[in-house]
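> I need the structure of the sequence given here:
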Amino acid sequence: MNKISAYFRDSYKELVEKVTWPAWEQLQQSTMIVLGATLVITLMVGIMDFAAGNALKFIYSLFAK
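Numbering: from 1, shown residues only. Prediction:
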């Protein structure tokens, strides 16, 4: 039990004293970058999915009787 309490005490101390937290402006900027990148990647995956689906439909239609 002593090791667990020491772990939590040390973790709290590290979070309060040693971690450098970003400024609010930097946090907002990083969030916007992540959101933008997520939207771009989502759009790219959607386009690739649409293209692959249509390509497979075309290939299947060549062999359909």
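
> Quick check: which ranges of this structure have low pLDDT?
Scanning the chain for pLDDT under 70 picks out 65.

> if you set the cut-off to 90 instead, what comes out?
1, 64-65 (pLDDT under 90).

> What are the boundaries of the helices in it?
For the chain, helices defined by DSSP state H occupy the ranges 2-13, 24-63.

> Reformat the ones you listed as CSV; add mean neighbour count.
Glycine gets a C-beta too; all of them are placed from N, C-alpha and C. Formatted as CSV, the helices of the chain follow (neighbours: other C-beta atoms under 10 Å):
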stretch, mean neighbour count
helix 2-13, 9
helix 24-63, 10
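
> What's the separation between Asn54 and Met48?
11 Å (C-beta to C-beta, to the nearest Å).

> Equivalent analysis for Met1, please.
In this view, Met1 and Met48 are 53 Å apart by C-beta to C-beta.

> Repeat that for Leu39.
From Leu39 to Met48 the distance is 15 Å (C-beta to C-beta).

> Val19 now?
Going from Val19 to Met48 by C-beta to C-beta gives 39 Å.

> Next: Phe8.
The separation that Phe8 has from Met48, given C-beta to C-beta, amounts to 46 Å.

> do Phe63 as well
23 Å.

> Same question for Ile33.
Distance of Ile33 to Met48, computed by C-beta to C-beta: 23 Å.
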